[in-house]
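*Asks:* quick one, what's the 3D model for this:
(one chain, ligands or ions: 1)
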Amino acid sequence: MILTEDLRRTFRRRGAAVEAVRGISLRVERGELVAVLGPNGAGKSTLLRMLTTLLRPTAGTARVAGVDVVADPAGVRQRIGYVGQGNAGGHHHRVLDELVTQGALYGRTRAEARRRAGELMEALELRGLERRTVASLSGGQRRRMDVAIGLVHRPGLLFLDEPTTGMDPQARANLWEHITRLRHETDTTVVLTTHYLDEADAVAERIVVVDHGEVIADAGSAALRARHAEDRIELEVDEPGTVAGLVDGTVAGSRVELRLADGARVLPGLLARLERAGVTVHAAHLHEASLDDVFLALTGRSLREEGAAA
Ligand SMILES: Nc1ncnc2c1ncn2[C@@H]1O[C@H](COP(=O)(O)OP(=O)(O)OP(=O)(O)O)[C@@H](O)[C@H]1O
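*Replies:* Reported below is the predicted structural model:
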């Protein structure tokens, strides 16, 4: 669905060259749901803008939905949906009119555009809002409307650039429910960026981490955690010093701390071993490695802090 080779984009800023994307080679198969994550300024938007033909690459190639982004940008646009960070809909237009107009822009007849608008309003729970103006919708309804507009021409590939930024947790969960269901029903490929790691963890089967314009990791969330982060077990015991020697741990205040892979599987055996050794464990805390730990290990920065500030 997407194939890029050594894709690059350089900007000139005050006479200096800024390499926003530095040789990204990426392959996304049909039906995949891929989250592109990275700290601020990593190059995510620049990458997405090139893939959606909003920006011309400086070097390298990109084929999107089988079409070269430079040779035939209009062809790419016909085949993809793009939900950017701003709102796509005309604010003073009515919801139904806006969807029908968008369909007409893609060359659909009025009747076809109306039928498609009806389907999308059903699928994205916009029924009952037909005559409301886009400006009067709630944040969550507005975002669902944006997604509906992105899907008007039945694209096989949908790009979502930070689709849930600024939404409350319930509206975010609701939007993802719609997107994942639509994706399964229509086999749509989805490429998204988000600052919410929990979201990427929950919805994406594949996570591409970008930093300084390059892909620095590309795998599923579980594989990333296993490879780049460790679980932590903290034990509350009477004599941490003695216990630390028994279990390959370090003393942290009144506790013993162990860093290891697959903590949930190791913990029961560990407790049994300590019991056999006559140690009384008052409490055991398991901190499973998070995607944010992976992020910190890979980039030296926490995405969570930036996400919270966004
Ligand atoms: N039009 C431009 N002119 C000059 N520099 C730019 C331009 N667009 C982006 N850049 C620079 O390119 C780098 C990558 O920016 P980009 O917006 O792609 O990052 P990002 O990962 O999307 O960040 P964010 O998470 O903040 O949206 C940054 O250093 C940015 O300042």
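*Asks:* from now on I want contacts and neighbour counts done on CA atoms only, so please keep to that.
*Replies:* OK.
*Asks:* below-threshold pLDDT in the chain: ranges please.
*Replies:* Within the chain, the segments meeting pLDDT under 70 span 86-90, 304-310.
*Asks:* and it, what are its domains?
*Replies:* The chain breaks down by automatic domain parsing into domains covering 2-225, 230-288.
*Asks:* the ligand: which of those is closest?
*Replies:* domain 2-225 (3.2 Å; CA to the nearest ligand atom).
*Asks:* end to end, how far does the closest one reach?
*Replies:* 25 Å (CA to CA, to the nearest Å).
*Asks:* and what of stretch 56-68?
*Replies:* Note: stretch 56-68 ends 11 Å apart using CA to CA.
*Asks:* give me the distance from it to the chain's centre.
*Replies:* 22 Å (CA atoms, centre = their mean, to the nearest Å).
*Asks:* circling back to that earlier point, which of the domains of the chain sits most buried?
*Replies:* Mean neighbour count (mean count of other CA atoms under 10 Å) peaks for domain 2-225 among these, with a mean of 18.
*Asks:* quick one: residue 108 and residue 116, what's the gap?
*Replies:* Taking CA to CA, one finds residue 108 at 9 Å from residue 116.
*Asks:* got it, and residue 106?
*Replies:* Distance from residue 106 to residue 116, by CA to CA: 12 Å.
*Asks:* so what pairs up with the residue nearest to residue 264 when sequence neighbours are not counted in the strands?
*Replies:* Among residues not flanking residue 264 along the chain, residue 286 sits closest, at 7.2 Å (CA to CA, 6 or more residues apart in numbering). Beta-bridge partners for residue 286, by DSSP bridges, are residue 233.
*Asks:* how about the contacts made by residue 286?
*Replies:* With contact taken as CA atoms under 8 Å, 6 or more residues apart in numbering, residue 286 is in contact with 231, 232, 233, 234, 263, 264.
*Asks:* I'd like the next helix or strand past the strand or helix carrying residue 143.
*Replies:* Using DSSP states H and E, residue 143 sits in helix 139-150. Next along the chain after helix 139-150, taking DSSP H and E as the criterion, comes strand 157-161.
*Asks:* that following strand packs against which elements?
*Replies:* Applying 3 or more CA pairs under 8 Å, 6 or more residues apart in numbering; DSSP states H and E, one finds that strand 157-161 contacts helix 44-51, strand 80-83, strand 189-193.
*Asks:* helix, strand, or coil at the residue of the chain most remote from its centre?
*Replies:* The centre of the chain is farthest from one residue, residue 278, which by CA atoms, centre = their mean lies 47.2 Å away. The three-state assignment at residue 278 reads coil, by DSSP: H, G, I helix; E, B strand; the rest coil.
*Asks:* with residue 272 instead?
*Replies:* helix.
*Asks:* residue boundaries of the strands in the stretch 1-150 of the chain?
*Replies:* For the stretch 1-150 of the chain, strands defined by DSSP state E, counting those that start in this stretch occupy the ranges 2-13, 16-28, 33-37, 59-64, 67-68, 80-83.
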